[in-house]
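K.L.:
I would like the atomic coordinates for the input below:
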Amino acid sequence: MPHFDLVVIGAGSGNAVVDDRFRDQRVAIVSEGPFGGTCLNAGCIPSKMLAATAEVADTVRDSGRHDVRAELEGTAWPEVRRRVFGRLDDQARDGERGRRETPWLTVHRGRARFTGERRLVVESERSEVELTADRIVVAAGGRPVVPPPVADSGVPYETSDTVMRLERVPAHLVVLGGGYIAAELARVFHSAGARITVVEQEDRLLAQQDESVAEAFTSSVRGQWDLRLGRSVTDVGGAPGDLVVTLDDGSVVRGDTLLVAAGRRPNSDRLDLGAAGIRCDDSGLVEVDGQLRTSAPGVWALGDITDGGPQLKHVANRQAAVVAHNLLDPDRPRTMDYTAVPAAVFTRPQIAQVGLTEQRARERGLAYVVGWRRYQDVAYGWALEDEEGFCKVLVDPASGLLVGAHVLGPQAATLIQPLVLAMATRMTAEDLARTPMWVHPALTEVVENALLDAVEKVRAG
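P.N.:
You can find the predicted model right below:
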């Protein structure tokens, strides 16, 4: 039975744990899916490459607002698909090849499950291999949730794992779910020519965002997509290419393609974690402490399978760095800090956030003031001819520190970064607004002016 100093389960962010600092150890990486994990193969990267393509197409469509006479012939979806996944599939293959060529590292293909304390079996179609290790890192990720009305229907459906690889653009894509995955993919396919219907149980899309953002985004796309809000699915039927989705109010939606984007679940149920003494919470997330140790000695966990922080790729990457350090230098351990975790939604309009939403601050009974500026209040907003974008900041009036920040509009994912920096370093809103110079007339002035608005309100009492 092979024994290793370290075994990593998962080749997404788990793969990032292991670098040349481990070259004096015997290391194994176990992966059921392609190297690069969800982000590279079916998540962050392909969806943003497609979102960038959609942005180009939508810019041409909207060129008239800048008095440019341009006409879009269409999106060549097969070519787009080949460009995106031709590159990413090569990256996944090259990543695995590089690991297989590393002399001190062994790659095992298959699904891992625990059979005891730091003891695993890796099962594939061709073999079954037992492994033991001094230390194990669990980074097995998650997968899309498919609710019973769809899972039990027997009709074909897509998830975020599959829909981006469709050979052709659907004529009518029905999307179940109103979160960030649903919003991003609906935008991509709408831009490519699909009719979109979104079915969402909440009364607004992106309901986990700040209430101002969720309301503005819902209003923005209402004229483009058929929105069935406050509705749930009771039945799915029909035939391939002619699907029938029945809602709880008795209405029916017909489409040729169904995308299920109703959330994700951790892959913990596939690992027999109980055999190793690894505890999970009620939702199946592996419980970890600040150093990302599990309840089992010698076992760490990171990424979407854990209860440690938001399920975001940049969070998982930081966790991988913390785990790597703690494995190599256990006498000086590092802990994770989730004080200022940013997130972005690459829709149209683009969205970014850090910290608390206003509704969460209100629920917690926190004191705060709101600073607000619209894109159209600054010169570059005029240049963009943007009438819906805004920056919103929440500031603690006692300390002057940022509680949360939200941006909706072009370049939101970039504009949020100085606000993230301020929260991470505990810089006050006034120091951020007044200490650095802000380029004029750049779009960053909307951030500066939102901060100054909050500062003035704090001074006014």
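K.L.:
switch to C-alpha atoms for all contacts and neighbour counts from now on
P.N.:
Fine.
K.L.:
Where do the domain boundaries of the protein fall?
P.N.:
If you go by automatic domain parsing, the domain ranges for the chain are 3-143+265-328, 148-262, 343-460.
K.L.:
Between the two ends of the second one, how far is it?
P.N.:
Taking C-alpha to C-alpha, to the nearest Å, domain 148-262 runs 11 Å from one end to the other.
K.L.:
now do stretch 197-208
P.N.:
The straight-line separation of the ends of stretch 197-208 (C-alpha to C-alpha) is 20 Å.
K.L.:
Can you point out the buried residues in that stretch?
P.N.:
197-208 (16 or more other C-alpha atoms under 10 Å).
K.L.:
just the helices in the stretch 51-200 of the chain please.
P.N.:
Taking DSSP state H, counting those that start in this stretch, the helices of the stretch 51-200 of the chain run over residues 77-100, 148-151, 180-192.
K.L.:
Quick one: the domains of the chain as a markdown table, columns for distance to M336 and mean pLDDT too.
P.N.:
Listed next are the domains of the chain as a markdown table, based on distance: least, C-alpha to C-alpha, whole Å; pLDDT from 0 to 100:
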| stretch | distance to M336 | mean pLDDT |
| --- | --- | --- |
| domain 3-143+265-328 | 5 | 97 |
| domain 148-262 | 23 | 98 |
| domain 343-460 | 13 | 98 |
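K.L.:
closest to D337 out of those domains?
P.N.:
domain 3-143+265-328 (8.0 Å; C-alpha to C-alpha).
K.L.:
Quick one: end-to-end distance for the closest one.
P.N.:
For domain 3-143+265-328, the first and last residues are 19 Å from each other (C-alpha to C-alpha).
K.L.:
and if you look at stretch 8-21?
P.N.:
The first and last residues of stretch 8-21 sit 15 Å apart, counting by C-alpha to C-alpha.
K.L.:
Could you give the separation of it from the chain centroid?
P.N.:
In this view, stretch 8-21 has its centroid 20 Å away from the chain centroid, taken as C-alpha atoms, centre = their mean, to the nearest Å.
K.L.:
cool, stretch 193-200 as well?
P.N.:
Here stretch 193-200 shows a centroid-to-chain-centroid distance of 20 Å under the convention C-alpha atoms, centre = their mean.
K.L.:
got a list of contacts for it?
P.N.:
Stretch 193-200 is touched from outside by 74-75, 169-178, 186, 189-190, 224-233, with contacts defined as C-alpha atoms under 8 Å, 6 or more residues apart in numbering.
K.L.:
So A183 is in contact with T347, correct?
P.N.:
Yes: because the distance of 6.4 Å satisfies C-alpha atoms under 8 Å, A183 is recorded as touching T347.
K.L.:
These two: which has the busier surroundings?
P.N.:
Neighbours were counted for A183 and for T347 using other C-alpha atoms under 10 Å; T347 has more, 26 against 22.
K.L.:
so what's the residue lying closest to the more buried one once chain neighbours are set aside up against?
P.N.:
Nearest residue to T347, sequence neighbours excluded (C-alpha to C-alpha, 6 or more residues apart in numbering): E184, at 5.0 Å. By C-alpha under 8 Å, 6+ apart, the contact set of E184 is 47, 51, 345-347.
K.L.:
And R265, by the same measure?
P.N.:
Here R265 is in contact with 142-145, 284 (C-alpha under 8 Å, 6+ apart).
K.L.:
quick one: which of those residues is most hemmed in?
P.N.:
Neighbour counts for those, by other C-alpha under 10 Å, peak at G142, which reaches 19 neighbours.
K.L.:
How many neighbouring residues does the residue nearest to G274 when sequence neighbours are not counted have?
P.N.:
In space, not counting the residues next to it along the chain, G274 is nearest to F114; the distance is 8.0 Å by C-alpha to C-alpha, 6+ apart. Other residues lying near F114 total 22 when counted by other C-alpha under 10 Å.
K.L.:
now do S251
P.N.:
Other residues within reach of S251, judged by other C-alpha under 10 Å, total 11.
K.L.:
swap in the one 3 residues further on?
P.N.:
Under the neighbour criterion other C-alpha under 10 Å, R254 is assigned a count of 19.
K.L.:
Please, which helix or strand holds it?
P.N.:
Here R254 sits within strand 252-255, counting by DSSP states H and E.
K.L.:
re earlier: would you format the contacts of R265 as TSV with distance to P103 included?
P.N.:
As requested, the contacts of R265 are arranged in TSV below (distance: C-alpha to C-alpha, whole Å):
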residue	distance to P103
G142	30
R143	32
P144	35
V145	38
G284	36
